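J.: Dropping the sequence and predicted coords here.
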Amino acid sequence: MKKSLIICLPLVLLLFVGCGKNSTQKPTTSETIEVTTSETSSSVIESIEMTSTSSTTSKESTTKGTESSETTAASTTPSSTSEEGTKPSSSEEVVDANAELVQLFPTVAFPTEVPHTNKALNIAVAGPEEKLSVLYFDMNHPLILNKKELNYETPIAQYQQEAFASTQEAKEAVNLRVDMQGMKVDLGYGITGYQQGAAGSSYVAWQEGNWNLIVRASNIEQQDPVGLAKQVVEYLEQAMLPAPEEIGQITFDMVSDGYRSNEITWQVGNMVYTIRHQDPMAALRMAVSTLK
């Protein structure tokens, strides 16, 4: 009996040990990699999606906040624009466009008098000193030099100066009109004019020093060129025009409108100067003021 127990005991122990080894056996390497990789990838993807969703939500909230602020700003803009449209800013009320112009071109003899009827004379300038053009605008409120608003306005006057390659080219650019023919007319102060008509117009021409002057009027409109010519002669007895070196031309056209209808042009060396104004006598006053 004791022998049988002793023999059975080792068998039981062997069976127990065998079962213990099967329960603690580890999985293969390939199984470990497969499981780990799958779970890790899934967690990474979920993490990216959550981050992306969070970022998108943040952006959306930021965008909504921006849109809200823009809406608020937009709602307040009309009142500001309305005020600016009816009244210029304080900086524009105190500016002096002519002072700005002189500061930009301190050596240029601009007209110091540009006759106008409204409260403010506004100015636009373009080009270098060698080819300079200045436009003058008659308006109700002052604007800074070259204000964009002037693009929608009509100028009343202009000052130009241009340098040419030679004196001869400058003289040719004056576009001299000399026609001392026709009926003699006494313009006063010992000056004789010559009147003639052509194609519905009547002309009076005369000379004063190096200046050639001509007035054109419409016969259809029954305009009188002699009357304006006498007015010009009388004014020039009291005022002095700039002296052309060789050639100067004054052309007043009573038929046309606008600042280009009255032109005063003169040559000094290789420079040509031009003044235009919608009113002939105002053009003369502009030219005279360049000497002041």
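T.: Okay, I see it.
J.: only C-alpha atoms for contact and neighbour calcs from this point on.
T.: Will do.
J.: Below-threshold pLDDT in the stretch 1-150 of the chain: ranges please.
T.: Low-confidence segments of the stretch 1-150 of the chain, defined by pLDDT under 70: 1-94.
J.: Run through the residues that contact the closest residue to S133 other than its chain neighbours.
T.: In space, and not counting its chain neighbours, S133 is closest to Q160: 4.6 Å by Cα to Cα, 6 or more residues apart in numbering. Applying Cα atoms under 8 Å, 6 or more residues apart in numbering to Q160 gives the contacts 131-134, 273-275.
J.: State the number of residues packed around the closest residue to I144 other than its chain neighbours.
T.: Spatially, and ignoring its direct neighbours in sequence, I144 is nearest to A97 (5.4 Å; Cα to Cα, 6+ apart). For A97, the tally of surrounding residues (other Cα atoms under 10 Å) stands at 21.
J.: Same question for W206.
T.: Residues lying near W206 (other Cα under 10 Å) number 23.
J.: Could I get the full set of helices for the stretch 51-200 of the chain?
T.: For the stretch 51-200 of the chain, the helices defined by DSSP state H, counting those that start in this stretch cover 90-93, 97-104, 167-173.
J.: okay if I get those as TSV plus distance to A229?
T.: Below are the helices of the stretch 51-200 of the chain laid out as TSV (distance: least, Cα to Cα, whole Å):
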stretch	distance to A229
helix 90-93	40
helix 97-104	31
helix 167-173	24
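J.: end-to-end on stretch 240-256?
T.: For stretch 240-256, the first and last residues are 26 Å from each other (Cα to Cα, to the nearest Å).
J.: next one: stretch 265-272
T.: 7 Å.
J.: how about that stretch: buried residues?
T.: By neighbour count on 16 or more other Cα atoms under 10 Å, the buried set for stretch 265-272 is 265-272.
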